[in-house]
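Need coordinates for the following:
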Amino acid sequence: MPGTPEETLAGSVLAFDFGRKRIGIAVGQPVTGSATALGAVTNRENGPDWESIDALVADWRPAQLVVGMPTMADGRPGSLAGAVAEFCDALGHYGLPIATIDERDSSLEAGERLKDARRAGTRGRIGKADVDAAAAAVIAERWLARVMQRRDSE
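Below you'll find the model as predicted:
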């Protein structure tokens, strides 16, 4: 299971919002503490679209992978926690540090961000894949904020 000692701000972060049908992906930048949604890849019974994930890892060359961990309101692991742990194990083949972070309400926050952008006229129709990718951006930003906070408190 991913640990925390490897968490650094050495380069970009590729973040994942794992779902049974789709996996949202975003890239986060430690310099700004912000993230950009990249899109979503399919996740089927035979597993994720590894070819697309491979391409994103090759293109972005992240220093860190971050995966949202489903957590219930009382802090217990959510129903997808086992599947997320398996996904994290599979990501290990990239040889990069992997961290998890509580993804609680990330999809709700992402949906609100997208609705705000639509109201402002800066984006069009919002699909499920858009929400998944935006949730991955929320996950990346949460992780970056946590690591920056830890670094500043040391």
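
Off-centre distance for the helix or strand of the chain at the bottom of the mean pLDDT ranking?
The helix or strand of the chain with the lowest confidence, counting by mean pLDDT, DSSP states H and E, is helix 106-119 at a mean of 74. Averaged C-alpha coordinates place helix 106-119 at 16 Å from its chain's average position (Cα atoms, centre = their mean, to the nearest Å).

Who are the packing partners of it?
Helix 106-119 sits against helix 128-153, with contacts defined as 3 or more Cβ pairs under 8 Å, 6 or more residues apart in numbering; DSSP states H and E. In short, each C-beta sits where N, CA and C put it, glycine included.

what's the helix it packs on packed up against?
When contacts are defined as 3+ Cβ pairs under 8 Å, 6+ apart, helix 128-153 packs onto strand 13-18, strand 22-29, strand 34-44, strand 64-69, strand 98-102, helix 106-119.

Need the mean per-residue confidence for it.
For helix 128-153, the mean per-residue pLDDT is 88.

Quick one: distance of that helix to the chain centre.
That offset, for helix 128-153, works out to 7 Å (Cα atoms, centre = their mean).

for stretch 80-99, same thing?
12 Å.
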